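A predicted structure for the sequence below; I have some questions about it.
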Amino acid sequence: MRGLKGKRVLVTGGASGIGAATAVRFLGEGASVTILDCNADACRALQNIFVETRLPTPLSYVVADVTDRAQVERAVAQAIHAMGAIDVLINNAGISIRHKFLDITAEEWDRVLAVNLTGVFYVAQAVARHMWEHFSVERGAGVILQTASTNGIMGYPYYADYNATKAGVIELTRSMALELAPRVRVCAVAPGYVLTPMQRAEYSDAMLAEVNAKIPLGRHATPEEIAGLFAYLASDDAAFATGQVFTLDGGETAGGLASR
């Protein structure tokens, strides 16, 4: 992708799933990457893999809970110190709990909102402030890309709390794009079903097969396919994209198949 070499990229939720695949993609594009995750062991394991592959650009990590504003601000400062600046944020950390609406506890509701929406806000605000204050024509606009979901666009059973947060991420993205232009571009990526460890843990083989049968392309996405969209949107080829939600779902929402 044009313009990614030498960029400084922060990926939240970067130790596994879509986040890890995105870190790998940007490293392959010649960017410097820092991953932010609450799992220190997973961060170290991923960093060791990158050391063994001898990629030409470095990977660093910071450990933080995105639901804690003080931890987020420290982690962002550490990432800036490690890379010199942040040019691109992939605001990806998220969790889900599969429950019927009537069975969601207050604690579960609060936790999902804290990670998926409040955490996204904390990280976005800290990074956007840095991008805004250090903008220059030579450096170009900063880029913030946030992981939404088709769950924030359509109704899905058993994920009321998750659905609410992803709809919130979409509206947060649009509001940020309006206020931060032209110094920062802000978009959201709304994946459909992606075969991540989180998804695999919640679905049996029979459930996965049932979902695949409803998707026009007949399968889940891979994390690497979502990472490819993030790379495009962060590149110079997408320099006119802001305030938009880009859906990557194998045709799932074209006819509302997944909600049938």
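Great, that's in hand.

going forward, measure contacts and count neighbours with C-alpha atoms only.
OK.

Longest strand in this protein, please.
Ranked by residue count under DSSP state E, the longest strand found in the chain is strand 184-191.

what does that one contact?
128, 131-132, 141-150, 152, 169-170, 173-174, 176-177, 226, 229-230, 233, 241-249 (CA atoms under 8 Å, 6 or more residues apart in numbering).

Just the buried ones out of the residues you listed, please.
128, 131-132, 141-150, 152, 169-170, 173-174, 176-177, 226, 229-230, 233, 241-243, 245-249 (16 or more other CA atoms under 10 Å).

Narrow these to those in helices?
Mapping these onto helices (DSSP state H) picks out 128, 131-132, 169-170, 173-174, 176-177, 226, 229-230, 233.

Do a quick rundown of the strands in the chain.
8-12, 32-37, 59-63, 88-91, 142-147, 184-191, 245-248.

need the contact list for V9.
F26, A31, S32, V33, T34, I86, D87, V88, L89, I90.

Now that the fifth one has come up, it's in contact with A15, right?
Which is T34. No. Look at T34 against A15 with CA atoms under 8 Å: they stay out of range, at 10.3 Å.

contacting residues for R139?
Taking CA under 8 Å, 6+ apart, one finds nothing in contact with R139.

May I have the phi/psi pair for it?
Torsion angles at R139 (phi, psi; degrees, to the nearest 10) stand at phi -70, psi -30.

Can you tell me how far it is from S32?
Separation of R139 from S32 (CA to CA, to the nearest Å): 15 Å.

pLDDT-wise, which helix or strand of the protein ranks last?
The weakest-scoring helix or strand in the chain, judged by mean pLDDT, DSSP states H and E, is helix 197-202 (a mean of 80).

So what touches it?
S16, G17, I95, S96, R98.

Next: stretch 104-124.
The contact list for stretch 104-124, computed with CA under 8 Å, 6+ apart, reads 66-69, 72-73, 76, 89, 91-97, 144, 146, 161-162, 165-166, 168-169, 172.

So which of the residues you listed belong to helices?
R69, V72, E73, V76, D161, Y162, T165, K166, G168, V169, L172.

Now the two most distant members of those residues.
Greatest spacing in the ones in helices among the contacts of stretch 104-124, by CA to CA: V76 and D161 (27.1 Å).
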